[in-house]
Structure formats: structure tokens, C-alpha cells
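*Asks:* Sequence and predicted structure are below.
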Amino acid sequence: MSIIDHNHLGGLDLNLLVAFDALITERHVTRAAKRLGIGQSAMSHNLARLRDVFRDELFVRTERGMEATPRARALAVHVNAALAEVQASLKPGGAFDPATAERQFRIGIRDDLEVALIPPLLAHMQRAAPRVRVEVHQLDPDRLLEMIDGDRLDMAIGVFAQGRTIHKRRLLCRSDGYLCLFSREVHDPSKPLSVARYAALPHVRVSSRAECENAIDAALAKKRYERRVVLDTPHALGVPFALRQLHAIATLPRRAALVSAEALGLGTAEVPLTLSGYAIAMLWHASYDRDPAHRWLHDTTARIAGELAE
């Protein structure tokens, strides 16, 4: 247990830390005030007090709005982590009974992962937790941490390079690679797909998976090939339906491709390139660690993902 200097902290209004966290989240005095349910003048007064306490401007006005100073950015991680611990300790610690609980979980997930994971997860929930509702959100990488920190997402599922000490990450599974997906008029699924044939076919590109698409272009370039993209879309879920009408090919995560092929009568083939795999993980705010409902959600999702990977 840490030793607290009560005399030093006694002069600090801890509500100021709440105000600081709202300001660092919103980067706007009026929106931060609305978040806390106070007036704009009260929030401006809190900002003035924070500047006095920390002896720093903390936020400066720019053409893009309020920007945090280096001192404010350094403080943000520690303040948010401290508030998360306090919040977690104040939450009810009662047991969670999925059979009777009425809850809603907000899950952010890429649509190519959604098609593979969400249906079996919901099928399990309908049996084990019939009153639990899931609200799926499309992942926006640029706003992911903001949505988690702002309590607009309970959990995210994807490939994450970001995260801070206030976030928890749990590996779900390793990717099982990619498959080519196409209508059976484009290529005979019983025959291997050569690099030359793969490069010559028109391609559908999923822009929301830029890391994979860029890897495809790089691998083709090493073999002195270049593909022609006829459709560039951020929506992986729409690709299989487009392929039913297009003389084209797409490269999708293996499980999403198999599900789509079975549902829509499409063909699949191994990708004639070496593409690196990736790790699929859950990401959530540390303040949910002690919540029995969230622990159940994390464990259930991990178990379903593990069964799919077998």
C-alpha cells in the first residue's frame, strides 16, 4: 500500500481531477461542462484553478480548438488511471447471473471479424443470457481510445497497436491467414491459383484493412506484378455480395471468406503469396476489470473465439 501525504493532498479539491479528465477528453470547455452537468463559467473557473495547482497552462487555444500542453498530456494518463481505480472501487460488486441479468454491451469490431465472431457469440448469449443485448459499432481506429475512455464502448475487438496503462488487452486468437474469394465463373475452386492469374484478375480492395492490402501490393511487387483494383471499399461485409456480380477477386481473412463462400455459393482458393498473420485481441478500459458482468463478457468472448480457432 502506498503512503499518502494527507497534508499535501488535503488542500487539493479532487473534483478538479474529474474536471481535468473531462477537459482532456473533450478538448472543449463547453462540452466538458456538459459532460459533468455544470455551467460553462464553473468549468472555466475549474480550469483556472487547475492551471494554478499545476502551474501550467494545460490547454491552449489554437485554430483547431483547445490543445493540451505536454504537461497536460503527461498528467492525463495518471489522472485517468487514478479516477478509473476510484470508479471501479465504487461500483457494485455483486455477482452477475447471465441467466437473469438485463444488460447491454457495446462492442466495437471490424466488420470482417464481425461476420465470423458475432453470430456464434450471440447464439451462445441467446441460450445462456437471454436478456443481454449486444450493440455492435464499426471500429474507427482514429477514435477508438476516445470512445473507450468516454464510456461509449464497453469493449473493442480487432488488431490493436494502441493502448495505454489505463487499457487492458487480452489475446483472443492468432489469425489463420487469408483466402481468395470469387464467383465460380472467375476461377475453378478445385484448381490452384497462380500468382500470374491472381495478379491478372480485377481486384476488390478493402480500404479499412490497409495493412493487409498494402502487404498484398508489396508481395506482388517483389514478384514484379501489379494488380488492378476495380472497387475500393471500407466495408468488408459488402464485398462478398459485390463478388456475386463482379468478375473480380478479393482477399479476405480465412474465416470470413469461408463463411461468405458457404452462404453465397462463392469459391475460395489459397492466396499465392506469403502474407503475415496477425493477433486478434480484446481491448477495454481498466475500470471494468472488477465488474462481474464485464468479466463474464470477456471470458465468454474468449471461449467462443477459442472454439472457432480449433
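*Replies:* Looks like it came in fine. Everything numeric here is computed off the predicted structure, so don't read it as measured data.
*Asks:* Which strand or helix spans the residue nearest the centre of the chain?
*Replies:* Taking Cα atoms, centre = their mean, the centroid of the chain lies closest to residue 156, which sits 3.8 Å from it. Using DSSP states H and E, residue 156 sits within strand 155-158.
*Asks:* Show me what that strand pairs with in its sheet, parallel or antiparallel.
*Replies:* Here strand 155-158 has these sheet partners by DSSP bridges: strand 103-109 (parallel), strand 279-285 (antiparallel).
*Asks:* Including mean neighbour count, could those strands go into JSON lines?
*Replies:* (C-beta placed from N, C-alpha, C; glycine too.) JSON lines is the format used below for the strands paired with strand 155-158 (neighbours: other Cβ atoms under 10 Å):
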{"stretch": "strand 103-109", "mean neighbour count": "19"}
{"stretch": "strand 279-285", "mean neighbour count": "20"}
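*Asks:* Now do the helices in the chain.
*Replies:* 6-9, 15-26, 29-36, 40-54, 70-90, 111-128, 144-149, 195-200, 210-222, 239-243, 254-264, 292-309 (DSSP state H).
*Asks:* So what's the gap between the third one and the chain middle?
*Replies:* When you say that, I think you mean helix 29-36. Counting by Cα atoms, centre = their mean, to the nearest Å, helix 29-36 is centred 25 Å from the centre of its parent chain.
*Asks:* got the CA coordinates for that helix in PDB?
*Replies:* Extracted in PDB, the C-alpha atoms of helix 29-36 (Å, rounded to 0.1, in the frame of the first residue of the first chain):
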ATOM      1  CA  VAL A  29     -14.800  23.900 -22.200                       C
ATOM      2  CA  THR A  30     -18.500  23.900 -23.100                       C
ATOM      3  CA  ARG A  31     -18.600  20.200 -23.900                       C
ATOM      4  CA  ALA A  32     -16.600  19.300 -20.800                       C
ATOM      5  CA  ALA A  33     -19.000  21.300 -18.700                       C
ATOM      6  CA  LYS A  34     -22.000  19.500 -20.300                       C
ATOM      7  CA  ARG A  35     -20.300  16.100 -19.600                       C
ATOM      8  CA  LEU A  36     -20.100  17.000 -15.900                       C
END
